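Peer 1: Okay, here's the prediction I keep looking at, along with the sequence it came from:
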Amino acid sequence: MEIDMIRILLIEDNPADAGLVDIYLRQAFSNTYLLIQATHLADGLKK
């Protein structure tokens, strides 16, 4: 069974908080997600 990659856009200006979110996601979803980080919404929408 093939598992689809979950794409997650995280808008967070604090690198430490973004790192925590990444740790929590890794625990919940293993390697089935792609975390895209941006510090501002406008930057995230361009990704």
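Peer 2: Good, I have the coordinates. Numbers count the residues shown, from 1 in each chain.
Peer 1: make it CA atoms for all contacts and neighbour counts henceforth
Peer 2: Fine.
Peer 1: Let's verify residue 42: helix, strand, or coil?
Peer 2: Classification of residue 42 into helix, strand or coil gives helix, according to DSSP: H, G, I helix; E, B strand; the rest coil.
Peer 1: quick one: it from residue 32, how far?
Peer 2: According to Cα to Cα, to the nearest Å, residue 42 stands 26 Å off from residue 32.
Peer 1: Same drill for those two, tell me which one is more crowded.
Peer 2: In this comparison of residue 42 against residue 32, neighbours counted by other Cα atoms under 10 Å, the higher total goes to residue 32 at 14 against 10.
Peer 1: Could you check the helix or strand containing residue 27 and say which residues are buried?
Peer 2: Taking DSSP states H and E as the criterion, the element that holds residue 27 is helix 15-29. Of the residues in helix 15-29, those buried by neighbour count under the rule 16 or more other Cα atoms under 10 Å are 18, 22, 25.
Peer 1: Can you give me the buried ones in the helix or strand that comes right after that helix?
Peer 2: In the C-terminal direction, the helix or strand that comes right after helix 15-29 (DSSP H and E) is strand 33-38. Buried residues in strand 33-38, counted by 16+ other Cα under 10 Å: 33, 35, 37, 38.
Peer 1: what do you get for stretch 6-16?
Peer 2: For stretch 6-16, using 16+ other Cα under 10 Å, the buried residues are 10, 11, 12.
Peer 1: Need the residues you listed in TSV (columns: secondary structure, distance to residue 4 and pLDDT).
Peer 2: Output for the buried residues of stretch 6-16, formatted as TSV (DSSP: H, G, I helix; E, B strand; the rest coil; distance: Cα to Cα, whole Å; pLDDT from 0 to 100):
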residue	secondary structure	distance to residue 4	pLDDT
10	strand	19	97
11	strand	22	98
12	coil	25	97
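Peer 1: circling back to that earlier point, out of the buried residues of strand 33-38, what pair is the most spread apart?
Peer 2: Taking Cα to Cα as the measure, those reach their widest spread between 33 and 38, a distance of 16.1 Å.
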